[in-house]
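Undergrad: with the input below, show me the fold.
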Amino acid sequence: MHRCGFLRATIILSVALTGGQLARAAQVARGTVYADQNGNGQRDDGEPGVANVAVSNQHEVALTDAAGRYELPVTEDTILFVVKPSGYRVPLSANRLPRFFYIHKPGGSPPLHFAGVAPTGLLPESIDFPLIPADEREDFTVVVFADTQPETSQEVLYVRDDVVHQLVGTSAAFGITVGDIMFDNLGFYEMYNQIVAQIGIPFYNVIGNHDLNFDAAGDADSDETFHRYFGPNYYSWNYGKVHFVALDTVKWMGKSVGRYIGALGKEQLDWLANDLAHVPPDRLIVLTMHIPLMTSQGHDVVDKNALLELLKDRPKVLAVAGHTHYHEHNFLDKQHGWHGDGIFHELISGTVSGSWWSGPKDERGVPIADMRDGTPNGYTMIDFTGADYTTRYQVAAGTPDDLMRIYPRA
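TA: Below is the predicted model of the structure:
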């Protein structure tokens, strides 16, 4: 991403910095969000800055000024990202992963079994974010993968043979994987990303409990390999009339404890409040996460009520999760902590891996892997029309017409 100097501009942050935040912010990052009209990833003469675009450090959110400039405080462990506005796209990696962020870790990640981020060096003079003008339709489709969860190279190939081949050439705008991209062995990220890239669309990714660095002493360092491949563990972007939010609902309790809980934490909730402050009320909010807010089986996020409070004035919210390996729709009400007048719909998607790639193999050599509730393994398609949507579940080994299984009683 091109970096260049510019005259310092005064930027009003969306929230005031507290004394603790000022102490934490040893430096200030500055840069420009610009229209990369030729898509070459560099700011060429005549390419203008883009005003009123949100940029975040995962704590504060700043809007760019009339020239596209921003500034934000950073620490020695900060990920800056631009919140993609509608009508633009962001650069993609060779594996079609969105590149909307800059990692500032001068010392790199701590030593871990699966490598994290290499030392990034001194803070650049200017951290610029290119936005490529795009013709975005308000009617579009998104592919949702939940728990692809391969543990071996053979299981990565199951992902290819079971779902990727079916989606090559899809007209969907982009995909989202809602966690458990891997099954503990993070060394397969590169192979997995190369295979999913064959679908031909950008894929956003959400962290799951099996995507953690389990040798990390605490939650703060448990996402380092995820950062290396995918960027921030929570972030947001816009498409059409929809504001998408990727949340981290997994809190690692540390190597000495050896377990995780479903939680968001105050820091992430504070960021989300700042993020939502810049989202118009007519936008549909789509939350993507791994551990669901609530399920019929007792899984939940311990501080979900704080999240629901932030969203109570929104007319419609869709939360999409995975984790449970069954397919479920929940409509939250006051009994579940939702006190808004609008609709809060939680979709827990059936998983790509089904029952963890188990069971007898079909004629392709791929495990049948029906889930615990009897749902075949597969993925979800969400069709958006403006700020409305419909969902449909696609069976991995089936056709779009496969909607029901009926068994005769013996």
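
Undergrad: what segments of the stretch 101-250 of the chain are helices?
TA: 153-159, 165-167, 189-196, 224-230 (DSSP state H, counting those that start in this stretch).

Undergrad: in the last one, what's buried?
TA: Right, helix 224-230. Across helix 224-230, burial judged by 16 or more other C-beta atoms under 10 Å covers Glu224, Thr225, Phe226, His227, Arg228, Tyr229, Phe230. For every residue, glycine as well, the C-beta is placed using N, CA and C.

Undergrad: would you reformat those as CSV and include pLDDT?
TA: Below are the buried residues of helix 224-230 laid out as CSV (pLDDT from 0 to 100):
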residue, pLDDT
Glu224, 98
Thr225, 98
Phe226, 98
His227, 98
Arg228, 98
Tyr229, 98
Phe230, 98
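
Undergrad: need the residues you listed in CSV with distance to Tyr326, can you?
TA: Putting the buried residues of helix 224-230 into CSV (distance: C-beta to C-beta, whole Å) gives the following:
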residue, distance to Tyr326
Glu224, 31
Thr225, 28
Phe226, 25
His227, 30
Arg228, 31
Tyr229, 28
Phe230, 26
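
Undergrad: just the residues you listed now: which is nearest Arg314?
TA: Nearest to Arg314 out of these is Phe230 (C-beta to C-beta; 26.6 Å).

Undergrad: can you tell me the closest non-neighbouring residue to that closest one?
TA: Using C-beta to C-beta, 6 or more residues apart in numbering and skipping the chain neighbours, the partner closest in space to Phe230 is Asn205 (4.4 Å).

Undergrad: show the contacting residues for that neighbour.
TA: Neighbour list for Asn205: Leu97, Ile176, Thr177, Ile181, Phe226, Tyr229, Phe230, Ala246 [criterion: C-beta atoms under 8 Å, 6 or more residues apart in numbering].

Undergrad: mind checking pLDDT for the last one?
TA: Spelled out, that is Ala246. Per-residue confidence (pLDDT) for Ala246: 98.

Undergrad: where does the stretch 201-350 of the chain have low pLDDT?
TA: 299 (pLDDT under 70).

Undergrad: same thing but at 80, please
TA: Scanning the stretch 201-350 of the chain for pLDDT under 80 picks out 297-299.

Undergrad: related to what we said a few turns ago, how close does the residue nearest to Phe230 get to Asp221?
TA: Look at Asn205 and Asp221: by C-beta to C-beta, to the nearest Å, they are 19 Å apart.

Undergrad: just Ala321 next, same as before
TA: From Ala321 to Asp221 the distance is 24 Å (C-beta to C-beta).

Undergrad: neighbour count: those two, which is higher?
TA: Legend: neighbour count by other C-beta atoms under 10 Å for Ala321 and Asp221, higher for Ala321 (31 against 20).

Undergrad: do I have it right that the more buried one meets Ser349?
TA: Yes: judged on C-beta atoms under 8 Å, Ala321 makes contact with Ser349 at a distance of 7.2 Å.

Undergrad: shared neighbours of these two, which are they?
TA: Joint contacts of Ala321 and Ser349 (C-beta under 8 Å, 6+ apart) are Ala146, Val178.

Undergrad: and the buried residues of helix 224-230, which is closest to Ile127?
TA: Ile127 lies nearest to His227 out of these, by C-beta to C-beta, at 16.1 Å.

Undergrad: quick check: closest non-adjacent residue to the closest one.
TA: What sits nearest to His227 in space, not counting adjacent residues and going by C-beta to C-beta, 6+ apart, is Val117, at 5.4 Å.

Undergrad: ok so, going back, what's the closest of the contacts of Asn205 to Gly107?
TA: Gly107 lies nearest to Phe226 out of the contacts of Asn205, by C-beta to C-beta, at 18.2 Å.

Undergrad: what is the burial count for Gly46?
TA: Counted with other C-beta under 10 Å, the neighbours of Gly46 add up to 8.

Undergrad: quick check: closest non-adjacent residue to it.
TA: Leaving out its chain neighbours, the residue that sits closest to Gly46 by C-beta to C-beta, 6+ apart is Gln37, at 7.8 Å.

Undergrad: pull the contacting residues for the one you found.
TA: Applying C-beta under 8 Å, 6+ apart to Gln37 gives the contacts Asp44, Gly46, Glu47, Ile132, Pro133.

Undergrad: repeat that for Phe384.
TA: By C-beta under 8 Å, 6+ apart, the residues touching Phe384 are Glu138, Asp139, Phe140, Thr141, Val142, Gly240, Lys241, Val242, Leu284.

Undergrad: same thing with Ser56?
TA: Ala62, Leu72, Leu80, Phe81, Val83, Tyr235, Trp271, Asn274, Asp275.
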